[in-house]
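Chemist: What would the 3D arrangement of this be:
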Amino acid sequence: MAEADERAYIRFALDAVASVANAMPSGWLSPEQSESIRTPTLLSELGVDYVCDWANDDQPYLIGPADRPLVSLPLMQEISDANLHWTRRVTMAQWAALVCEAFDTLYREGQDSGRLLVLPLHPWCIGQPFRVRYLQQVLAHMEKHDGVWATTGTEIASWYRRLSDRCGT
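Modeler: Alright, predicted model coming up:
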């Protein structure tokens, strides 16, 4: 896609979300997590603060243009409800156990440096009445641990930017 077309596509998507949410989105997840080499720069130019396209770490990091980088919040696509249950046909009970196992590992590893569990959920999948209890189980498991910050991508990106500014990165 040409740069002008990509910019128009991103603008259209941001405006569409803003029109129903009454606020411009601050984060971005590309369709199929696909980006061009220009996407981070275009997102930054259009006011996006964070991106979830990269699943290559358990911690946030800066990506994109040096003058206004995005915060990358690594998405754990491997344990998304749609990926495991819908695509791979893992039962919801198994999905819940896998998410809790991932959380437990990240919680242990994060004692010294912090870790993210950016869990993709899809209302059409997890939101079904016969599946919601598994999400409730997962959230209850996470909430019983000390020091867990259940928050939004916007808040994580803001926190990370402040931390990066203090550390000079």
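
Chemist: Against Ser26, how distant is Leu75?
Modeler: Separation of Leu75 from Ser26 (Cβ to Cβ, to the nearest Å) stands at 16 Å. Placement of C-beta: from N, CA and C, glycine included.

Chemist: Looking at the two, which is more packed in?
Modeler: Leu75 (21 against 17; other Cβ atoms under 10 Å).

Chemist: Find me the pLDDT at that one, would you?
Modeler: pLDDT for Leu75: 87.

Chemist: Surely it is in contact with Pro120?
Modeler: Yes. Counting by Cβ atoms under 8 Å, Leu75 touches Pro120, with 5.8 Å between them.

Chemist: Straight-line length of stretch 116-124, end to end?
Modeler: Stretch 116-124 has an end-to-end distance of 24 Å (criterion: Cα to Cα, to the nearest Å).

Chemist: when you give positions from now on, start the count at 13
Modeler: Okay, residue one is now 13; in that scheme the one you just asked about reads as stretch 128-136.

Chemist: Quick check on Tyr62: phi, psi?
Modeler: Reported as degrees, to the nearest 10, the phi and psi values for Tyr62 are phi -140, psi 160.

Chemist: Not counting sequence-adjacent ones, nearest residue to it?
Modeler: Once flanking residues are discounted, Tyr62 sits nearest to Ala169: 3.9 Å by Cβ to Cβ, 6 or more residues apart in numbering.

Chemist: pretty sure the one you found belongs to a helix, no?
Modeler: Yes. Counting by DSSP: H, G, I helix; E, B strand; the rest coil, Ala169 is part of a helix.

Chemist: Touching, it and Ser84? I think so.
Modeler: No. Look at Ala169 against Ser84 with Cβ under 8 Å: they stay out of range, at 9.3 Å.

Chemist: And these two? Which one has more around it.
Modeler: Legend: neighbour count by other Cβ under 10 Å for Ala169 and Ser84, higher for Ser84 (25 against 21).
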